[in-house]
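Undergrad: my questions are about this predicted structure, shown below with the sequence.
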Amino acid sequence: MALSGANKDGREVRIYEYLDELNTDLADYIAELSEASVKERGVFAIALSGGSLISLMGKLCEAPYSKTVDWAKWYIFWVDERVVAKNHADSNYKLAKDGLLSKVPIVPSHVHSINDTVSAEKAAEDYEFVIRQLVRTRVISVSDISDCPKFDLILLGMGPDGHVASLFPNHSILDEKEEWVTFLTDSPKPPPERITFTLPVINSASNVAIVVTGTSKAEAVHSAIDDVGPDCPTLPAKMVQPTKGNLVWFLDKAAASKLDGAKFSE
Ligand SMILES: O=C1O[C@H](COP(=O)(O)O)[C@@H](O)[C@H](O)[C@H]1O
């Protein structure tokens, strides 16, 4: 059974005692947003992260979701990517392809992966160009308060250091205001070369979910959600604050273990 509540900033925090519950609720959440978006806009533009997120989305490949989700209307993007070949074990594309995309009937031309044959800088530039074209044709909506793309859903994981996408603590990339997609060649977590959506794009989405499991991330979760610690304001996960969109945290009991007031009733 999930503990669920809105905190003072209007974010929703869902905490699950069992991983299976988190997985099911995450699949329900994504399926519901897909249905609403397809009804409203005819398409669903979803941006994926790498890491643990993909296996946590695994229920989507099973019934009922595998049959009820309108996969043909999905357009897939990556919030961040490591600059490695698409068949490399570190590739976020490969992770999503093996764990999700190859198991459901997504239209291959709707899968917008990042070019793995060019430099990080060029790949970021090319990816932003692709997104601009799709904003023009309204496959991706546009924010009415900035010129940023407005993805229907951006799914993020979080590292133990509080990084989301490839936005790392104390990195100058956190200050990027102009570009939609940028690159770094000095990621503290290997591999060093990565491309990533910037905070203005993440914060322009209609819906953002941050999905976090495990004790190693409990301190960063506490800092980001409870607003504690000297580094809190510049913690990348804390800087995820959709301007008009909804933010939902999906946490297992371990990741939520240091939150103020997170207690399960018997
Ligand atoms: O390097 C990355 O790490 C984060 C977090 O990964 P996790 O395995 O700790 O969940 C991930 O969200 C990001 O996409 C990835 O490039």
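TA: Sure, I can see it.
Undergrad: can you report phi and psi for residue 141?
TA: The phi/psi pair for residue 141 (degrees, to the nearest 10) reads phi -70, psi 170.
Undergrad: what are the bridge partners for it, then?
TA: Note on residue 141: beta-bridge partners by DSSP bridges are residue 150.
Undergrad: quick check: buried residues in stretch 35-42?
TA: 37, 38, 41 (16 or more other CB atoms under 10 Å). C-beta coordinates here come from the backbone N, C-alpha and C atoms, glycine included.
Undergrad: pLDDT averaged over that stretch - what is it?
TA: The predicted model assigns stretch 35-42 a mean pLDDT of 98.
Undergrad: now the helices for the stretch 151-266 of the chain?
TA: Along the stretch 151-266 of the chain, the segments classed as helices by DSSP state H, counting those that start in this stretch run 199-202, 218-226.
Undergrad: state the distance from residue 176 to residue 128.
TA: For residue 176, the distance to residue 128 equals 12 Å [CB to CB, to the nearest Å].
Undergrad: in the stretch 101-250 of the chain, what residue lies closest to the ligand?
TA: Residue nearest to the ligand within the stretch 101-250 of the chain (CB to the nearest ligand atom): residue 157, separated by 3.0 Å.
Undergrad: which ones are touching that residue?
TA: With contact set as CB atoms under 8 Å, 6 or more residues apart in numbering, residue 157 has these partners: 49, 50, 51, 52, 53, 164, 210, 211, 212.
Undergrad: one more time with 7 Å, if that's ok
TA: 49, 51, 52, 53, 211, 212 (CB atoms under 7 Å, 6 or more residues apart in numbering).
Undergrad: same thing with residue 149?
TA: 131, 135, 140, 142, 180, 201, 204.
Undergrad: how near is the last one to residue 223?
TA: The reference is to residue 204. Note on residue 204: its distance to residue 223, by CB to CB, is 24 Å.
Undergrad: tell me which of those two has more neighbours.
TA: Each of residue 204 and residue 223 has its neighbours counted (other CB atoms under 10 Å); residue 204 has more, 27 against 20.
Undergrad: so that one sits against residue 142, correct?
TA: No: counting by CB atoms under 7 Å, residue 204 stays clear of residue 142, with 8.6 Å between them.
Undergrad: which residues are common contacts for these two?
TA: Contacts common to residue 204 and residue 142, judged by CB under 7 Å, 6+ apart, are 149, 150.
Undergrad: which non-adjacent residue is nearest whichever residue of the chain sits closest to the ligand?
TA: Relative to the ligand, the nearest point of the chain is residue 51 (2.4 Å; CB to the nearest ligand atom). The spatially closest residue to residue 51, leaving aside those adjacent along the chain, is residue 157, at 4.3 Å (CB to CB, 6 or more residues apart in numbering).
Undergrad: how about residue 74?
TA: residue 44 (5.1 Å).
Undergrad: what does the stretch 101-250 of the chain put close to the ligand?
TA: Contact residues, the stretch 101-250 of the chain versus the ligand (CB under 6 Å from any ligand atom): 156, 157, 159, 165, 166, 189.
Undergrad: for the last one, give me the pLDDT.
TA: Reported pLDDT at residue 189 in the predicted model: 97.
Undergrad: for it, which non-adjacent residue is closest in space?
TA: residue 159 (6.5 Å).
Undergrad: can you give me the strands in the stretch 151-266 of the chain?
TA: Under the criterion DSSP state E, counting those that start in this stretch, the stretch 151-266 of the chain contains strands at 153-156, 181-184, 194-197, 207-212, 246-252.
Undergrad: list the strands paired with the second one, with their directions.
TA: Within its sheet, strand 181-184 is paired with strand 194-197 (antiparallel), according to DSSP bridges.
Undergrad: coming back round to it: separation between the residue nearest to residue 74 and residue 21?
TA: 24 Å.
Undergrad: kindly report the same for residue 78.
TA: In this view, residue 78 and residue 21 are 27 Å apart by CB to CB.
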